[in-house]
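Colleague: Coordinates only, no sequence provided:
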């Protein structure tokens, strides 16, 4: 006879569901599989919607299109309910009641997107009204992929952060539309009463002109009207440039901020820089450059002149030490730092086991930094003096002559 699930087991199951759904890309194998399955299903849905709009394909493969839709509806509905159930495990929500925590998720941007991706289709099953227009909500599923795409999440964050500036641009654009439409109405309303006879009519001309679209269905015919149109065009260019500039600048800052945080955290983990203050770590970050090593690529070879130190941002590196077992280094680890100072030859070979992202600091850059920042120079010399001669560990460098 089956026994009821205890509260503890329920809590463990809920936490497991939350880990799989919310931490898939960085979680365990099951989470990664679920994430990839959901991403694939979203992409299949988008292709399904586009192809279904072609009459010949819809007539021929209608059953297949409907099968994909029903399967997707079931999966996305289950996903939404599971996310709603597991919302209480979200860190910032743990101090809330289960009801409030779930309400927080339901009213969040992703919660609304998840709901819109399924609710209209369930309404179609239970209401007699013609809800074919709700099929447009199938394209809402595209926004679900933002959960799995850092770039799209960053863009949405930027738009939300700059919402006040963007709202200001919208108000300015609306004001410019109203003013230019009023001027054009006064200038040519009596000449083109069917197109510019009222301010609402003239607003259509103002909108397409400020938007730099210019359909040509309404054009000025008088000298004054053409002068107003010229000014409107220049205003339109500025109105378009403002929000584009705001978003582009903020997005660039967001990307640089994220890269800086990742670089900062990696540098802070290196014993050579562990006690540096914020300004000194920032100076080191500016000198780093990115490098990608493909699977099987040799990064440094035994006997080569050592001119750089390396930080592993992602992937793994195997270091073959002479007379010793190979050492595997992973994200956050490093090699070659003392070689930056001593300019010795490599005493081991380092090869990428997977596609590996590296941050590289050249010897000349570190020497420049040390000459510019006496505090860094003193700290580096102190660390090297205390560490030289110590045995190599997997957490340190690749060879005894390069420990740091």
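Modeller: Thanks, I have it. Only a predicted model underlies this, so the values are computations on that prediction, with no experimental measurement involved.
Colleague: ok, now which ones touch residue 87?
Modeller: 18, 93, 101, 102, 104, 105 (Cβ atoms under 8 Å, 6 or more residues apart in numbering). Where C-beta positions appear, they are placed from N, C-alpha and C, glycine not excepted.
Colleague: Which one among those sits at the bottom for pLDDT?
Modeller: Lowest in pLDDT among these is residue 93, which has 71.
Colleague: Next, the contact list for that one, please.
Modeller: With contact set as Cβ under 8 Å, 6+ apart, residue 93 has these partners: 87, 100, 101, 104, 105.
Colleague: ok, 10 Å please
Modeller: Listed by Cβ atoms under 10 Å, 6 or more residues apart in numbering, the contact set of residue 93 reads 87, 100, 101, 102, 103, 104, 105.
Colleague: Just the buried ones among the contacts of residue 87, please.
Modeller: Among the contacts of residue 87, the ones that count as buried by 16 or more other Cβ atoms under 10 Å are 18, 93, 101, 102, 104, 105.
Colleague: Which of these sits closest to residue 373?
Modeller: For the buried ones among the contacts of residue 87, the closest approach to residue 373 (Cβ to Cβ) belongs to residue 93, at 43.7 Å.
Colleague: Now do stretch 174-184, average pLDDT.
Modeller: Stretch 174-184 carries an average pLDDT of 94.
Colleague: Kindly report the same for stretch 305-324.
Modeller: Stretch 305-324 shows a mean pLDDT of 80.
Colleague: What ranges does the stretch 51-200 of the chain have for its helices?
Modeller: All helices of the stretch 51-200 of the chain, identified by DSSP state H, counting those that start in this stretch, fall at 55-86, 98-107, 109-116, 119-126, 150-161, 163-188, 193-196, 199-210.
Colleague: re the thing from before, and the buried ones among the contacts of residue 87, which two are furthest apart?
Modeller: The most widely separated members of the buried ones among the contacts of residue 87 are 18 and 104, with 13.8 Å between them, by Cβ to Cβ.
Colleague: Next, show the common contact partners of these two.
Modeller: 87, 88, 90.
Colleague: ok, now which ones touch the second one?
Modeller: By Cβ under 10 Å, 6+ apart, residue 88 lies in contact with 11, 14-15, 18, 94, 96-102, 104-105.
Colleague: again with residue 231
Modeller: Applying Cβ under 10 Å, 6+ apart, we find residue 231 in contact with 176, 180, 183, 209.
Colleague: out of these, what pair is the most spread apart?
Modeller: Using Cβ to Cβ, the pair of the contacts of residue 231 lying farthest apart is 183 and 209, separated by 11.7 Å.
Colleague: Of those two, which one has the most company?
Modeller: Just comparing residue 183 and residue 209: by other Cβ atoms under 10 Å the higher neighbour count belongs to residue 209, 25 against 20.
Colleague: I'd say that one and residue 225 touch.
Modeller: No - with contact defined as Cβ atoms under 10 Å, residue 209 does not count as touching residue 225 (11.4 Å).
Colleague: Quickly list what's touching both of the two.
Modeller: Counting by Cβ under 10 Å, 6+ apart, the common neighbours of residue 209 and residue 225 are 184, 219.
Colleague: neighbours of residue 97, just the number please.
Modeller: Residue 97 has 10 neighbours, counted by other Cβ under 10 Å.
Colleague: quick one: it from residue 90, how far?
Modeller: Going from residue 97 to residue 90 by Cβ to Cβ, to the nearest Å gives 13 Å.
Colleague: Also residue 222?
Modeller: 62 Å.
Colleague: ok, now residue 181?
Modeller: 48 Å.
Colleague: Residue 164 too?
Modeller: To residue 90, residue 164 is 27 Å away according to Cβ to Cβ.
Colleague: who's more crowded, the two?
Modeller: residue 90 (17 against 8).
Colleague: quick one: low-confidence ranges for the stretch 201-350 of the chain?
Modeller: Filtered on pLDDT under 70, the stretch 201-350 of the chain yields the residue ranges 258-263, 265-276, 278, 337-344.
Colleague: For it, which segments count as strands?
Modeller: Listed in chain order, the strands of the stretch 201-350 of the chain (DSSP state E, counting those that start in this stretch) span 289-293, 298-300, 308-314, 317-321, 327-329, 334-335, 348-352.
Colleague: Specify the beta-bridge partners of residue 359.
Modeller: Counting by DSSP bridges, residue 359 is bridged to residue 290, residue 311.
Colleague: Domain-wise, how is the chain divided?
Modeller: Domain assignment for the chain by automatic domain parsing gives 7-148, 163-257, 275-402.
Colleague: Next one: residue 28, what pLDDT does it get?
Modeller: Predicted confidence (pLDDT) for residue 28: 59.
Colleague: repeat for the one 4 residues further on
Modeller: For residue 32, the pLDDT comes out at 78.
Colleague: wait, is it part of a helix?
Modeller: Yes - Residue 32: assigned to a helix according to DSSP: H, G, I helix; E, B strand; the rest coil.
Colleague: Could you verify my assumption that it touches residue 20?
Modeller: Yes - with contact defined as Cβ under 10 Å, residue 32 reaches residue 20; the gap is 9.4 Å.
Colleague: who's more crowded, the two?
Modeller: Using other Cβ under 10 Å, the more surrounded residue of residue 32 and residue 20 is residue 20, with 19 against 15.
Colleague: Ignoring the adjacent residues along the chain, who's closest to that one?
Modeller: Closest residue to residue 20 apart from its sequence neighbours, by Cβ to Cβ, 6 or more residues apart in numbering: residue 31 at 4.6 Å.
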